[in-house]
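Chemist: what would the 3D arrangement of this be:
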Amino acid sequence: MAQLIDITSVEVGPRNLEATVRVMPGAPLMTSEDIEATALVYNVMPHIAEHACTGDAGSQFKDAMGNTELAHLLEHVAVELMARAGSDGQIVCGRTRGVADDPRSFVIQLACPDDVLAIAALSSAAWVIDWAFTGGDGPVPDIDAIAGGIARLAAEAPVVDDEPAPGEDVPEEPAADKPQEPADAEPQSEPVAEEPADEALVDKSQGAEEPVEEASADEQSAGDIESETSASEEDSNG
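Modeler: Residues are numbered from 1 along each chain as shown. Model (predicted):
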């Protein structure tokens, strides 16, 4: 099977995974260039059509699926696999944007608290795209089995513990120099902060950060496209 999607780099942040992918020369950049291959992807995971995907084409991915970037389709396949593999009940989100100096390169951002889950889903999604867009030869991907394997991989991944091991010496931070007070200095009273007025109180919960994905693959210009994807585990399982 030819490799059509090359994952060139991956950066893992505290809340998101950001991967740069490149569509190999000769491979279609748009799903409309091979609608039969796009249909193969839909046939093995029809739930991607119901993903939320804001943009000019509509509010769901089915409105854009037949004429969107291959990297955008890759993002939705990865989101579907993460949702099926389980993400602690959270809504799985994604975003795709183009790279200005390379029309075949895209940045895919996946919002997921488990980086192993996200990396495995993106890699498996690339394999599904390769299968569909190289003729669909060989065994048809078993999406439930793939999602189960991703879930097991994430569950068995070692937990990184930043706490020191028992008996391990922890270097002490040097104490900050404290200015000396004159011997005859009178003690200074501590300033007392005034209580804020009731009307000045602000419910900070109303200022929660917006979800990561806010743009759409349908709002596109040459070398600069973005998309939003979201799927929940409940939606993916019907």
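
Chemist: quick check: buried residues in the longest helix out of those in the chain?
Modeler: Counting residues, the longest helix in the chain under DSSP state H turns out to be helix 115-133. Judged by neighbour count using 16 or more other Cβ atoms under 10 Å, the buried positions of helix 115-133 are 115-126, 128-133. For glycine as for every other residue, the C-beta is placed from the backbone atoms N, C-alpha and C.

Chemist: got it, and stretch 83-100?
Modeler: 83-87, 91-99.

Chemist: of the residues you listed, closest to Ala64?
Modeler: Nearest to Ala64 out of the buried residues of stretch 83-100 is Thr96 (Cβ to Cβ; 11.3 Å).

Chemist: could you give the secondary structure assignment for the closest one?
Modeler: Taken by DSSP: H, G, I helix; E, B strand; the rest coil, the conformation at Thr96 corresponds to strand.

Chemist: and what of Gly138?
Modeler: coil.

Chemist: list the residues that contact it.
Modeler: Under the criterion of Cβ atoms under 8 Å, 6 or more residues apart in numbering, the contact partners of Gly138 comprise 1, 131.

Chemist: ok, back up a step: can you put the buried residues of stretch 83-100 in TSV and add pLDDT and distance to Val41?
Modeler: Listed next are those as TSV, based on pLDDT from 0 to 100; distance: Cβ to Cβ, whole Å:
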residue	pLDDT	distance to Val41
Ala83	91	16
Arg84	92	15
Ala85	91	18
Gly86	82	22
Ser87	64	21
Ile91	72	22
Val92	81	18
Cys93	87	20
Gly94	92	15
Arg95	93	19
Thr96	95	15
Arg97	95	21
Gly98	96	21
Val99	96	23
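
Chemist: just put the residues you listed in CSV and tack on distance to Ile48.
Modeler: Listed next are these as CSV, based on distance: Cβ to Cβ, whole Å:
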residue, distance to Ile48
Ala83, 10
Arg84, 11
Ala85, 15
Gly86, 17
Ser87, 16
Ile91, 15
Val92, 12
Cys93, 14
Gly94, 11
Arg95, 16
Thr96, 14
Arg97, 19
Gly98, 21
Val99, 24
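
Chemist: by contact count, what packs against the top strand by length along the chain?
Modeler: Longest strand in the chain by number of residues, with DSSP state E as the criterion: strand 102-111. Strand 102-111 makes packing contacts with strand 16-23, helix 70-85, strand 92-99, helix 115-133 when contacts are defined by 3 or more Cβ pairs under 8 Å, 6 or more residues apart in numbering; DSSP states H and E.

Chemist: buried residues, that strand. List them.
Modeler: Result for strand 102-111 [16+ other Cβ under 10 Å]: buried residues 104-111.

Chemist: partners of it, with directions?
Modeler: strand 16-23 (antiparallel), strand 92-99 (antiparallel) (DSSP bridges).

Chemist: after the first one, next one along is what?
Modeler: Sequence-wise, the next helix or strand downstream of strand 16-23 (DSSP states H and E) is helix 35-44.
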